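> Sequence plus the predicted model coming up.
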Amino acid sequence: MHRQQTFSKPAVAANTGVLAAQTLPTSGTLVVTAGITNPDVPRTVRLKGNQSTTQGLVVTVVGTDIYGNALTEAVTMGGAFATPTDSVNAFKTVTSVTFPTRGGASDTISVGLGAALGLDSLCDAFSFLNTPTALITAKTVDTAVISKNTVTLAATLDGSTDQAVEYLPQTHPTGRLWG
């Protein structure tokens, strides 16, 4: 059965927007629960370090998936600090972020809005066969974990325009099989 999912005015992916840059501790971890702004729509979150000594550090993001289920992801900062690292999972909410011990003096990491938007259905390898490839630049499917079903649209996200994607889910959002 065909599914059209609409995203209400998703903002452009950015290095900020969820949590301002946090200065990493000299030892131990820093758990932040205040000052967090939830993503505008369920989507991946983006981590951005300010210098090369943040490479390889692991930041833990805790929140909920599109259905309000608990979600935790440990994200390893990418190898090129100039390039942000997006989570694999789509978060509806972010309730805490745990930052590691710094790699070097003055290390900071910010949390922003990732490029991939979270789907509300489980998908498989066949879910996007009829979706024009010009509409989607990337997709991730998972038949067991809802938060790992994401799509990156070719359309420009601008925070003022609704966006939509059409696909053939493997299962209905309630868990029953389509068909």
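Yep, it's here.
> how close does residue 98 get to residue 21?
15 Å (Cβ to Cβ, to the nearest Å). C-betas here are computed from N, CA, C, even on glycine.
> for residue 66, same thing?
27 Å.
> same thing with residue 131?
Distance from residue 131 to residue 21, by Cβ to Cβ: 36 Å.
> related to what we said a few turns ago, higher neighbour count, residue 66 and residue 21?
residue 66 (22 against 16; other Cβ atoms under 10 Å).
> got a list of what the more buried one touches?
Residue 66 makes contact with 42, 90, 92, 118, 119, 120, 146, 147, according to Cβ atoms under 8 Å, 6 or more residues apart in numbering.
> Show me the domain layout of the chain.
3-7+118-167, 14-114 (automatic domain parsing).
> Just the terminal-to-terminal distance for the shortest one.
Chord length of domain 3-7+118-167, first to last residue, is 5 Å (Cα to Cα, to the nearest Å).
> low-scoring stretches of this protein, by residue?
172-179 (pLDDT under 70).
> Quickly run through the sheet partners of the helix or strand containing residue 63, with directions.
Using DSSP states H and E, residue 63 sits within strand 58-64. With DSSP bridges as the test, strand 58-64 is paired with strand 70-76 (antiparallel), strand 93-99 (antiparallel).
> follow-up on the earlier one: please identify the deepest-packed of the domains of the chain.
The highest average neighbour count among these, using mean count of other Cβ atoms under 10 Å, belongs to domain 14-114 at a mean of 18.
> before we move on, back to that, how about the contacts of residue 66 in JSON lines, adding secondary structure and distance to residue 25?
Output for the contacts of residue 66, formatted as JSON lines (DSSP: H, G, I helix; E, B strand; the rest coil; distance: Cβ to Cβ, whole Å):
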{"residue": "42", "secondary structure": "coil", "distance to residue 25": "30"}
{"residue": "90", "secondary structure": "coil", "distance to residue 25": "28"}
{"residue": "92", "secondary structure": "coil", "distance to residue 25": "28"}
{"residue": "118", "secondary structure": "strand", "distance to residue 25": "31"}
{"residue": "119", "secondary structure": "coil", "distance to residue 25": "36"}
{"residue": "120", "secondary structure": "coil", "distance to residue 25": "37"}
{"residue": "146", "secondary structure": "helix", "distance to residue 25": "33"}
{"residue": "147", "secondary structure": "helix", "distance to residue 25": "28"}
